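Colleague: Have a look at this prediction, sequence included:
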Amino acid sequence: MSATTHPVESKVQITGGAWASAWKLAAAAGALGLVGAGAGYASDPKRFAFSYLFAISVFLTLGLGMLFFVVIQHIAAAHWSVTIRRTAEFFVGGLPVLVLLFLPLFAVMQHFPQWEHYWGSSHGATHGATHGGSHDAHPAPEHGATAGAHGEHAAPAAGAHGAHGTPPAAGHDQGAGGARELAGLAHMHHRTLEAKKAWFGSTFFFGRQAFYLLVWVLLARRFFKLSTEQDKSKDKRLTVVLARSAPASLTLLSLTMTFAAFDWLMALDPAWFSTIFGVWIFAGSLVAALGTLIVVTLGLRRSGYLDGRVTTEHYHDLAKLLFGFNCFWAYIAFSQFFLIWYASIPEETTFYHTRWNGNPGWQTLSIAIMAFHFVVPFILLMSRNVKRRLGAMATGTVMLLVMHAAEMYWLVLPNFKPADGHALTSLPIHWMDLACLVGVGGAYLAMVFKLMTQHALIPVGDPRLERGTQHTV
Amino acid sequence: MASANHESTVSTGEKKPVLMLAEFNTPGECLHAAEKVRDAGYARWDTHTPFPVHGMDGAMGLPDSKLGWIVAVMALTGFVSAAAMIWYMNVYDYPLIIGGKPPLALPSMAPVCFELTILFSAFGAVFGMFGLNKLPRHHHPIFYSDRFAAATDDKFFISIEVDDAKYDAKKTRALLESAKASHIEIIEEEVA
């Protein structure tokens, strides 16, 4: 209606103020963090590897969640989300930075358990320490044969797998029956790793990684470029082009996300597996993306941007999606736990054993994730009134964002086993975690905020813009 | 039943006005008329449209639906019932160890508690909606109007009850006319 006559330019283009210089602040923080991370790498490359993977996981899931959000808006030809889609597109536009920051992971991958087995320099010591005591009852002849069959194992074979005298890891049942059981488990663990060699220890692995990264960069560029191009050209055909490429993009995105989650997060416990793991990561990504969308658009609105085109109606719908996908996240997380708990098969329960019985720090974090990633936000965000009361809604949203980072920490860090073999009695929090988080996040956000200053804050060329602005729930 | 009812109305033959029905040609006119009726302070009135008109709740000054609270209470009832049922069966009445799990194992209670929460919520939503809308209702005088059939086709209606404290045959008609009603009629019902 009358909205077409608004003085658009001043409210959809960042001209000055905090938002104009936000990218410099983010870049400075990012540089500082990355320098710190570099120093950390020099002092303890293994700890750095885990901190860095944690940081990458937090922001890559966020960026890919944003890409997913943009793609489903195109697939559904949604008009309600047109005015908020651009904010998501900025985060999509920043994805190439994250892909670049992903590359150092390949330099430290020998420190992650799934590759330690094949390439780790301290293979014998670490492997022995990780599964301390569990190999004691290993039948010697068979063990020798297994080790001998794979030449790249650190010699001598007995030193590699025996590790006699290493203190047993905390929480392991060391009764006679338990020892036999654990020996069987360790043997199976070893065989599983050998069976997975083709998946992790070959060119197929690197080819696969290149494919994921390429897909993410190409999709991010396409969805960002064509949408911003439309701002100037006002070409309606671009809307159709993007809608047409959305289904294939969605398929590629889901598959690459799922398998990247398998390769880098699930496989941190290399013998453990869960077919639902990719869906879990995906659900968490979308929660992070929707939460960030809410927070960032609220910030832009507060500074007088967005031209009144993102209204309470939009926030109501965003909060509904956030609530829904958070329930979905909880549903998936519980489904995984439930089946593993019920079947109680040692090779599966190890994941939860580490995060519950292993260490009181992890147990506290597990409870915190249940409480603040699900129970509290579930009750808080359920009501329609809260979804439309932006202060209360933002509180729940920020809580979910913090818990998203906590969840990634909870997924990655329990797999960090210090080289000296001491069982940790609390969370392995390290200054490098923060340095990597600030470094990766700062660099990513610097790109996102820079793009914000270069393009319109809403897709001014989208033919559905007016309908999207007038959206009511 | 119907014939008996019919006979009784025929026997008295006396009629009294129960509703004033205003017809509008567009959803916009109906919406703005609703705002006027709301602002005039009427309480016993309603709108009838072929499809949901955005903003009509606000235009009518309707408060938030109570349905959410009914559903919330039912959800909690479902959750507690499920937990109580499991406790009674598995712990109190006939304790059974299944799969080596303790009798009151929280994870295995979750699916049943979840399902009963959903089931009770759904019942609460459906039957609560019936209750709030005073359904089922087999008869309403508004259907005496021949024009009202268009409420499911291409016309928009506002009906004001004669029982409303603000109702005044002349003033109410004037109000609706000023709100661009294309047709106004009084619906009468036979006195029982």
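Modeller: Sure thing, it's come through.
Colleague: any low-confidence regions in the stretch 51-200 of chain A?
Modeller: A:119-178, A:181, A:185 (pLDDT under 70).
Colleague: Pick out the residue of it closest to chain B.
Modeller: Of all residues in the stretch 51-200 of chain A, A:Trp80 sits closest to chain B, with a separation of 12.0 Å (C-beta to the nearest C-beta). Glycine gets a C-beta too; all of them are placed from N, C-alpha and C.
Colleague: Go ahead and confirm that residue touches A:His471.
Modeller: Yes: judged on C-beta atoms under 8 Å, A:Trp80 makes contact with A:His471 at a distance of 4.4 Å.
Colleague: tell me, what's touching the two both at once?
Modeller: A:314, A:317 (C-beta atoms under 8 Å, 6 or more residues apart in numbering or on different chains).
Colleague: wait, does stretch A:328-339 contact chain B?
Modeller: Yes: counting by C-beta under 8 Å from any C-beta of the partner chain, chain B has neighbours in stretch A:328-339: A:334, A:337-338.
Colleague: what helix or strand is B:Ile158 on?
Modeller: strand B:156-161 (DSSP states H and E).
Colleague: for A:Leu60, same thing?
Modeller: Going by DSSP H and E, A:Leu60 is part of helix A:45-75.
Colleague: Likewise for A:Ala288?
Modeller: Following DSSP H and E, one finds A:Ala288 within helix A:277-302.
Colleague: Centre of the chain to that helix, how far?
Modeller: Relative to its parent chain, helix A:277-302 has a centroid offset of 12 Å by C-alpha atoms, centre = their mean, to the nearest Å.
Colleague: Same question for stretch A:239-246.
Modeller: Distance, centroid of stretch A:239-246 to centroid of chain: 27 Å (C-alpha atoms, centre = their mean).
Colleague: avg pLDDT for that stretch?
Modeller: Mean pLDDT, stretch A:239-246: 96.
Colleague: Please identify the buried residues of it?
Modeller: For stretch A:239-246, the neighbour count (16 or more other C-beta atoms under 10 Å in any protein chain shown) marks A:239, A:242-243, A:245-246 as buried.
Colleague: now do stretch A:375-388
Modeller: So, applying 16+ other C-beta under 10 Å, buried residues of stretch A:375-388: A:377, A:380-383, A:386-387.
Colleague: now stretch A:322-339
Modeller: By 16+ other C-beta under 10 Å, the buried positions in stretch A:322-339 come out as A:322-323, A:325-330, A:332-337.
Colleague: repeat for stretch B:35-55
Modeller: B:35-38, B:42, B:45, B:47-49, B:53.
Colleague: Just the ones in strands from these, please.
Modeller: B:45, B:47-48 (DSSP state E).
Colleague: before we move on, the earlier item: number of nearby residues for the residue of the stretch 51-200 of chain A closest to chain B?
Modeller: 21 (other C-beta atoms under 10 Å in any protein chain shown).
Colleague: how close does it sit to A:Gln470?
Modeller: 10 Å (C-beta to C-beta, to the nearest Å).
Colleague: Without its sequence neighbours, what residue ends up closest to A:Ala29?
Modeller: The shortest distance from A:Ala29 to any non-neighbouring residue, by C-beta to C-beta, 6 or more residues apart in numbering or on different chains, is to A:Gly442 (3.8 Å).
Colleague: let me fix that: A:Gly439
Modeller: A:Gly33 (2.9 Å).
Colleague: just checking, that neighbour touches A:Met432?
Modeller: No: the pair A:Gly33 and A:Met432 does not pass the contact test of C-beta under 8 Å, sitting 9.9 Å apart.
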